[in-house]
Structure formats: structure tokens, C-alpha cells
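Asks: Mind folding the following:
(2 chains)
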Amino acid sequence: DTGVSQDPRHKITKRGQNVTFRCDPISEHNRLYWYRQTLGQGPEFLTYFQNEAQLEKSRLLSDRFSAERPKGSFSTLEIQRTEQGDSAMYLCASSFLGGENTEAFFGQGTRLTVV
Amino acid sequence: AQTVTQSQPEMSVQEAETVTLSCTYDTSENNYYLFWYKQPPSRQMILVIRQEAYKQQNATENRFSVNFQKAAKSFSLKISDSQLGDTAMYFCAVPMIQGAQKLVFGQGTRLTINP
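Replies: Now for the predicted structure:
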């Protein structure tokens, strides 16, 4: 296992289209996190899963966003009716169930451009 | 709510010099961890160093060390003998809640090491 992998790395879409991103965490990790990073800013938390259960969603995650982790392994993040403001890097991270000192491992991200 | 502030948007030093990146934070937690993450250009974010807030001893990882001032809520990162490979964005982060890697990040410092 070489780490957290995200697909695609880049996505250009027209405003109003739906997009879906995939994240494959490190295999033994049961926690998975999604973050959004806009240019020149730090990542912002969106949502996280413990196994297949979505434990929390940020207020940043509008109704157009939905995330799933159906079998407790890979996760998908879907954005419906994309808007230009959705343009950002979407980062996935995973960690082993543990305390707040547990290291999170990040993927390389999916860069979304909405035109 | 936790907040993290990095007041230096950009820094630039010569190779082999020592550089210190600043971070201040606010949290209502009594027991927490603090993290520095590095994000090289077009590569994934990786953990540089972590500090346990209830430990008075500053964490050290090879050329990287922290100066943790709990009362002042300050958590700076010192890089000694800087190398070209240290060129990256550096983010300070604190968990939003105990027991999970749901992180609040600062805005980041872009560090350039010049040959």
C-alpha cells in the first residue's frame, strides 16, 4: 500500500455539471477525512467517516455536496450543480482509529476547476 | 472554536540557514496536540512534527524543532541547516476535538530555500 490515493488528480467541468471524486485510504485506516483547500489558504474540514459511518459534516458542506464510504474502504465526494465557487483542491486524508495525536496521511488531492 | 494564525505568508532563506515559522492558536481544550504539516509543490501534505500540549519539553525531529509556549498559545517551527527540499508550504494545525484528526489549519507560510 503506497498511501492515500485520489482520483482524478485534475477535473475541469462546466458550471452546473455534477462531478464525483474518489479517495482510496491506506487499507488498515478506519477513519477518512475530506478537506477543501482554496488557493493560498489552509485546508478546511468538510466531513469525516469512521468505517462506513459519516460522523460529522461541516457547515461548508452544502446540500449540493454528498460523501459516502459504502463499505468502509474507499470514499466518494460528489458535487451536484457545480458553481465557480466550488473551484478548489479537494484533499482526502486517512488515519487509524486513535487519539488526537494520531497522524493523518493525506492524498495528493483533486484539483477542481469550474468554468 | 479553535483558530490558528500564521502571520508570515512568505519567507525566504539561503540554504544551510536556520529559519523559524510562527504560529499562534486558540483552543478551549486543556489536553491537545499541535501539528506542523509540510505541503511541497504538487505533492501531498506530510506531517513534519507534533507536540503534546501537556509536555513541557519541546518536540524535536532531526533538523526540525518546535518552540511551544503554552501560556502564550504559540507554536513556532524551527528548521535548522535548511535544505532545498524544505521548500514548501508549511501549515500549523490543531484538532477541533479530542480523539480525531479533524484539524483546523492556519493560512500557511510559503517557505523558499535558495541555493
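Asks: residue contacts, the residue in chain A that chain B sits nearest to?
Replies: Scanning chain A for proximity to chain B using Cβ to the nearest Cβ identifies A:G42 as nearest, at 3.2 Å. Yep, even glycine has a C-beta here, placed from its N, CA and C like the rest. The neighbours of A:G42, taking Cβ atoms under 8 Å, 6 or more residues apart in numbering or on different chains as the test, are B:4, B:91, B:93, B:105-108.
Asks: would you list every one of the strands in chain B?
Replies: B:3-5, B:10-14, B:19-21, B:24-26, B:33-39, B:46-52, B:60-61, B:64-69, B:74-79, B:88-95, B:103-105, B:109-114 (DSSP state E).
Asks: closest to chain A out of those strands?
Replies: Evaluated with Cβ to the nearest Cβ, these place strand B:103-105 nearest to chain A, the distance being 3.2 Å.
Asks: for the record, mean pLDDT for the closest one?
Replies: For strand B:103-105, the mean pLDDT works out to 92.
Asks: so what strands line up beside it?
Replies: Note on strand B:103-105: by DSSP bridges, its sheet partners are strand B:88-95 (antiparallel).
Asks: Flag the shaky bits of chain A, pLDDT-wise.
Replies: Counting by pLDDT under 70, chain A shows low-confidence ranges at A:1, A:98-101.
Asks: residue closest to the middle of chain A?
Replies: When chain A is reduced to its mean C-alpha position, the nearest residue by Cα atoms, centre = their mean turns out to be A:W34, at 3.2 Å.
Asks: Shouldn't that one be within a helix?
Replies: No: counting by DSSP: H, G, I helix; E, B strand; the rest coil, A:W34 is not found in a helix; it is strand.
Asks: and the strands of chain B as TSV, adding mean neighbour count?
Replies: Written out in TSV, the entries for these read as follows (neighbours: other Cβ atoms under 10 Å in any protein chain shown):
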stretch	mean neighbour count
strand B:3-5	16
strand B:10-14	13
strand B:19-21	19
strand B:24-26	16
strand B:33-39	24
strand B:46-52	18
strand B:60-61	12
strand B:64-69	18
strand B:74-79	20
strand B:88-95	24
strand B:103-105	22
strand B:109-114	17
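Asks: Any chance of those in TSV with distance to A:G85 as columns?
Replies: Formatted as TSV, those follow (distance: least, Cβ to Cβ, whole Å):
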stretch	distance to A:G85
strand B:3-5	23
strand B:10-14	26
strand B:19-21	30
strand B:24-26	27
strand B:33-39	22
strand B:46-52	29
strand B:60-61	38
strand B:64-69	35
strand B:74-79	31
strand B:88-95	22
strand B:103-105	19
strand B:109-114	24
